[in-house]
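Novice: pasting the structure only:
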């Protein structure tokens, strides 16, 4: 699957259609990042620079808008947010104004009609107990219930975003008076009970950051440290701490330390990190880390559950070769997301790996009214065959996933026109069949090609000599291969199996 | 070498330093594209759309500015030009206004201070014999002489660009009266005698396009056709013609036909292409196609002299393995420009190929005043190691070229920190030692690392276990492998050998 | 006084300095406008167009940002806001999307550092009882007390603006349960008791608009109607209703009807307007309409308390002639704000009126580092003398007010250089001495020239032959001349006398 | 007449219609400004600042685009040009880069479709004899002939502008060899013979500026000096020289000295100004200064032929009172262009002057699809009546001119609705009947209301009680009143009388 495809625009309207009921959240796949300096950290723009570098490394998780909030220790937070990529929203000028010793940032995905500046995160408010900034990755399954609770308390909400909802819920004193005063951990714990799924949060106060992962561990979140120097001799000393959606964001001066545990509340201060609490899932519920992070979303060099994503994808490719072998001259992939699986397939099958397609990075163009001629062939704009590896060859093409099935046909046509003798499609993930209510924007069931065609039918339609998916078992096997099997099932496969860890969203009626 | 590195800013000032003398041209590596419909072509914006697609596919040749000119058959040309990428300069609105049955376009490279709207190409003028648009890739070696000739005729020049100079030179009637009236081929031929090196030109009049390649064949240019449909059954009929700097731009509805010959003037009209003339090099001079197009500039799927660039780079890698073998566990490359050579090295050496680094596409940031911490490590922003292939391995890293030698050190450090046991650098091209006066912007001699360090010294400085370049002979051998050796030497290797096919530029003294 | 001068930037910091205490509000002089169609009004963008025209006519009240909110009858409000002038923020495209049968708009003034998109009004929230939009002109004197009350209820506030504060206060159910459910008039009444000063509000719900003026009547607000056609024969039928800060905004299809009374809550529905209640000032307090609206802010053709502003200013001029006569050849003004008073002075004194200065409308330039030469003379950029009326004449120059006293000196110099024999300054308002806490941004006491110099000292400093202010009594006399004197004092003269109708703001300590 | 009305868009197409023949020029009413420092002038951005201030003061002559060129004494001119107002095109950043000791600038008018960056002036070229910048106000009557001459010499022209044409004509060595080498005065003189009408030019070389006015003196141009300080005691010393379209641009540090004479070539160097030559009109031709500069274009405080424009307009008003008296209570004007004439009318007729209308400066809006309601009344957006002077009054409304007659009707309607008992229109200039070929963009003959209706018919149509124009004789009388009558006729009245001083433009046939 080509990057971006699964993330179709999902307006309020088609979410209704999609789910038969309204969901108040518009939060999708996003990236969060936070950084704080230890005791003697200098108050300048270095924290902002480190966050900025982190956000760029998380940019694949959201390109719509981005924001960064810092504080020099007081309640007057410095805020800069905007629509677009990190590199366009932030320039040296505004970075230099984002002074501070701690800060958090966010990159947001949505191509929906409600893509508006007001929805940019982090969301910042002044509360009774000081200023508060919240950045969120995930989607509240029970958003509409929580929303009603907040509205009933007399709060006006200015957006439909889960982030504002979370922020206001944190500010409100709970009815039973149990949580009172500026006891933020208690407020966070209370929120986690009200809304157990799904989120990874970074919450900033004037002197600390809370890193919070939902009890199911559905969205990723990990800790790292800021080191003193690049260390020719490896003598790096710790000078600060960072938290990030993915470990791929730990580059240059930051180093990966560990994952935030499912349900864990980590408090980061100038004294370092401290686990405040680990909140359990509702009784009897399993952990549910999104398996699609392995398959598609994450960068290949990110680490989840102690293993590198690249390795998992590589094993998926090997499993695929075992499940669906075929005789051929060359294995390749749709660049670049399918590469790792293709290498795995190649190694397992002993069929050589070769680059089949080159990607035109600059293509952005689609014409409103293209000529008929062009309309038929728009898809082939993005990829061009490399004759050296394609001509007169029998080819196995690995795609990481198939969603609507629109792109694979034109690519096969390109390969055939370039002289490929056979084209066998192997998909390194199982058929995608169900919507996601936990932060990932998936097309309606009708649009998911796996719901309307068997792999054989699809092969015929797209002109492949054969087309096969990895099985759900194969995927789980690949993910679990290097994990401790005794811990039982712990991944969310809802989009593949329809088995939702937190049920489906409750209704919203206004 | 990372893409973009060779193309350093080259202001007027540092060109002086660079060459010891002033060159009037500011034309650098660029891309040109032209399209014309046959007899019954409909007058709408399809020609503009096809050119736009072509320019995007040529975007790697220049990202600074772009322009597109069409005509509906009259002298009132439709023009749209602007600074930036094709996808930013052109939107559906302006494309829809660029009606016509023929047109030409340009993408321009320069990060120089003189990067200004006025220098955007194509350059368009009204002449005694109708309107004229010119798009140019290359650089006139004798620009200053030609400039003096034009100025002496009483023409005011509004820019320092070679393109305006060529345009005005085409308009002027030569002193000896030999070329007169609207005989454009004669004017073009006259220009080719005055200035034999270097250019690929597309010249548009109200009803025709001239595709012109300099007598040395220094810059690439090729012909293609527009076909009626993508052809499920392959029955494509020709409905128009296109001309492009590289064949990689022939996608969707266009097909590669052949190269424009060195010195050839091709006239494209609604009746198709016609060779008007083939102008020879000055007596005794060899052809001189830029060998660096193979090494670095061109897209891997482009075809020069009948061979795919990917194949040549692959052979370079194999030659490199023969010239400089080393024991290791894994061969990889700096993505993506070194990939093809790395596959060649891998195959020749029988050492497995593996992805060593992943690229963060979104990185654009450099901070004006980064903290010391960050300053040391900026280079590592763009690449991250893939542990799966790096950890505990002896690595051979293939780079396509080394210019200043700034990036290789930090990459080696990244790999070592990720657990690489040994890192051997192999460069798939010879040391770069001399400036180019034919359209490619190369740093000053002092900045070229090959002029100040041996490969051993460089290995030590960057922390490599070994570092070796491909020899000039190896490169030439790779390029010639599939060509007819009887034709004698025919490539320009000036930047490697200092052997300039057209001498060095004449002086300019105002 | 030149337009714009009184409105100096007033950052959070200098407000502190100014008042010795912090005020939470950043609301300044603003303009509000609302429109609603009667029963059969068509749902298209006409309401938005009418509001847009109204906002442009109120643009003199705020040029920093503007916003417009409409609804087609549901809770999904259409919103468009932005920084800058109405004509820049709204184009035909966005207007066409602002469909609806009712809507409200706002223009905002502030040149403060906190001029940010997030502070653009109207402020819109979703509440338990439907969506709510609020546009506000004025400043809450007891903002910090109200802010604490709102924060204590557990609401997070995202800005420092009074508008958000008002909006959230309206959403909250009061502690004593007195006001409950969707009874918006009760909520508004409750708010008016909590915060009696100062505001003119337009509040929009999905099917109605509330127009609210504070009990003191401090800020202006008036009602008008939308008529069927321009009426060649005057047969205009009423098809909708409008509410506006000033009657000058009733142009083209809208007609002035009456003022909203101090303390009045007017409900506008598709059935027309209805007075819901008229809330009194706190016991024993007088009405306090801002007298500076007459002097400076309002457009000359606006109507307050039944009289045209132009007339009042004209009478001020006449009073000034009575209080401070002087022999001269010509009376003129600093265009254009002093014109009406100058005509009054001229008529009273029988000295002819003449245009003395012409204004260069396009001047916007101030250079960061002007040469010394230019630094001395920057003020004279904006005005040029008209020799015809200045040369060899004894001149009386009428200014509407003097704030810092910076501009009058350079103007006198200009007039003298143009040949004026004598220059007598007459200021058509009393000395400005005190800050305003009710929505008008006035420089600190130290910066107000009237606090540091007598009129004689100032005359000497600026090089005038004489300089005199209108007395407070004279101003009040002019304002009251055509009003019923039996109603007692009813204007706020705090900035002239220090007599604050609602006391000074309470403290804020976070 | 409202400012802006006479300047309708005039595309290439409607110029054809307008004149029955094509004119190559697109130069319209523009403003030019030049400045040069004397011997010891410091090389910084002060010259640019002074030009910038000058251009803003000339902004009324053209708001479409603007440009500024300076030099530090060499051929490497600093250039900054752009679309829009001076205050938008220039910021402190770019001003600070425009270093130099001399420079020229331009503001350009055109709302034509060909309004494009490429047409921004000054036009700059490199010539055989150094760099050359040209700024032009006017329009070449024989542009097409001159264009053919230039094209025949083999020059390609990149625009249709007269400015490029003039620039290239200055560069070309004339065929007869008479003018050769870098003798710029000879080249200028030669150009003036080829094209005697109409232009005011500022021409910049690396060390001097030429200020040139066409032999007919059709467009205005005057000299001023830069003084050392504003001079409290009047001791100003001359430190540089300036040249400007109008003397209203001599503000702050510049002082009016004298007009450039018709046909005069003034050379400005670091030694001051020097008259190089005064070229006569073609034999038997009279001077022809555009009388419409007095009526409409110029700022009231500009000086032409030794008299202030305000005075002339004032006398026009008095003449109008003599020619067309009427009984009334109040004389007023359409602000602000009619003010001076209204004062003249008032004084002559002894009817008091009063402000009748106030202008909404911020109005910019016209809706693409306004409701019917709004469509009828768009014109009334810009002006609002002042009841104080209108209600129950018999009114005389002075307009400076009437072009299409579109605005006067709605204004009368506004006044009547405000209670005016009678409305008498008096136009302070004669009926406009003919096109202008000398730089002013006038609607087609059919669109000029004076060609289709008598004043009585027009009065009836617009609903005036009476409507009368000033006679041509009255206008000429007013203009000549303070001039020496012995010099004979010397104004161009072509747009009023059809009497063209230089004939009508020659044909252009490509």
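Specialist: Here it is on my side, so go on. Everything numeric in this text was worked out from a predicted model, so none of it was measured.
Novice: any residue of stretch A:301-314 up close to chain B?
Specialist: Yes. For stretch A:301-314, a contact with chain B is found by C-beta under 8 Å from any C-beta of the partner chain, at A:301, A:308, A:310-311, A:314. C-beta coordinates here come from the backbone N, C-alpha and C atoms, glycine included.
Novice: which parts of that stretch are buried?
Specialist: Of all the residues in stretch A:301-314, those buried under the rule 16 or more other C-beta atoms under 10 Å in any protein chain shown are A:301-305, A:307-314.
Novice: just these: which are in strands?
Specialist: Using DSSP state E, A:303-304, A:307-308 are the members of those that sit in strands.
Novice: out of those, which is nearest to residue D:396?
Specialist: residue A:304 (85.1 Å; C-beta to C-beta).
Novice: which residue comes closest to the closest one once chain neighbours are left out?
Specialist: With C-beta to C-beta, 6 or more residues apart in numbering or on different chains as the criterion, residue A:304 has its nearest non-adjacent residue at 5.9 Å, and that residue is residue A:220.
Novice: residue contacts, the residue in the stretch 151-300 of chain A that chain D sits nearest to?
Specialist: In the stretch 151-300 of chain A, no residue comes nearer to chain D than residue A:158, which is 28.1 Å away by C-beta to the nearest C-beta. Shown in contact with residue A:158 (C-beta atoms under 8 Å, 6 or more residues apart in numbering or on different chains): A:118, A:164, C:123-126, C:158.
Novice: buried subset of those?
Specialist: When neighbours are counted using 16+ other C-beta under 10 Å, these contain these buried positions: A:118, A:164, C:123-126, C:158.
Novice: can I get those residues in JSON lines including secondary structure?
Specialist: Listed next are the buried ones among the contacts of residue A:158 as JSON lines, based on DSSP: H, G, I helix; E, B strand; the rest coil:
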{"residue": "A:118", "secondary structure": "helix"}
{"residue": "A:164", "secondary structure": "helix"}
{"residue": "C:123", "secondary structure": "strand"}
{"residue": "C:124", "secondary structure": "strand"}
{"residue": "C:125", "secondary structure": "strand"}
{"residue": "C:126", "secondary structure": "strand"}
{"residue": "C:158", "secondary structure": "coil"}
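Novice: and which of the residues you listed is nearest residue B:399?
Specialist: Distance ranking of the buried ones among the contacts of residue A:158 against residue B:399, using C-beta to C-beta, places residue A:118 first at 46.5 Å.
Novice: my read: the closest one touches residue A:159, true?
Specialist: Yes. Residue A:118 is within contact range of residue A:159, at 5.6 Å (criterion: C-beta atoms under 8 Å).
Novice: returning to that earlier point: output the contacts of residue A:158 as TSV; include the columns pLDDT.
Specialist: Written out in TSV, the entries for these read as follows (pLDDT from 0 to 100):
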residue	pLDDT
A:118	74
A:164	93
C:123	94
C:124	95
C:125	95
C:126	94
C:158	91
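Novice: how far out from the middle of the chain is stretch A:418-426?
Specialist: With C-alpha atoms, centre = their mean, to the nearest Å as the basis, the distance from the averaged C-alpha position of stretch A:418-426 to the chain average is 32 Å.
Novice: contacts for that stretch, please.
Specialist: Outside of stretch A:418-426, the residues within contact range by C-beta under 8 Å, 6+ apart are A:320-321, A:324, A:326, A:328, A:345, A:385, A:387, A:390-399, A:408, A:412, A:415-416, A:459, A:462-468, A:470.
Novice: how does it look with 7 Å?
Specialist: Judged by C-beta atoms under 7 Å, 6 or more residues apart in numbering or on different chains, the contacts made with stretch A:418-426 from elsewhere in the structure are A:320, A:324, A:326, A:328, A:345, A:385, A:387, A:390-399, A:408, A:412, A:415-416, A:459, A:464-468.
Novice: from those residues, which are also near chain D?
Specialist: The overlap between the contacts of stretch A:418-426 and the neighbourhood of chain D (criterion: C-beta under 7 Å from any C-beta of the partner chain) is empty.
Novice: low pLDDT regions in chain A?
Specialist: Per-residue confidence for chain A (pLDDT under 70) gives these ranges: A:1-28, A:110-116, A:173, A:175-180, A:229-234, A:364-366, A:375-380, A:487-489, A:506-510.
Novice: what domains does the record give for it?
Specialist: When chain A is parsed into structural domains using automatic domain parsing, the resulting residue ranges are A:29-285, A:304-476.
Novice: closest to residue C:427 out of the ones you listed?
Specialist: The closest of the domains of chain A to residue C:427 is domain A:29-285. By C-beta to C-beta, the value is 39.9 Å.
Novice: now the closest one, how far from the chain's geometric center?
Specialist: Between the centre of domain A:29-285 and the centre of its host chain there is 15 Å, according to C-alpha atoms, centre = their mean.
Novice: quote the end-to-end distance of that domain.
Specialist: Its first and final residues considered, domain A:29-285 spans 23 Å by C-alpha to C-alpha, to the nearest Å.
Novice: do stretch A:447-466 as well
Specialist: The straight-line separation of the ends of stretch A:447-466 (C-alpha to C-alpha) is 22 Å.
Novice: quick one, what contacts the residue lying farthest from the centre of chain A?
Specialist: For chain A, the C-alpha farthest from the mean C-alpha position belongs to residue A:392; by C-alpha atoms, centre = their mean, that distance is 39.1 Å. For residue A:392, the contact set (C-beta under 7 Å, 6+ apart) comprises A:419, A:421.
Novice: am I right that it sits in a strand?
Specialist: No. According to three-state DSSP, the state of residue A:392 is coil, so it is not within a strand.
Novice: who in chain A is up against chain C?
Specialist: When proximity is defined by C-beta under 7 Å from any C-beta, chain A lies next to chain C at A:75, A:117, A:124-128, A:132, A:151-158, A:167-168, A:171-173, A:510.
Novice: filter the residues you listed down to the buried ones, PyMOL style.
Specialist: The following PyMOL command selects only the buried members of the residues of chain A next to chain C, with burial defined by 16+ other C-beta under 10 Å:
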select buried, chain A and resi 124+125+126+127+128+132+151+153+154+155+156+157+158+167+168+171+172+173
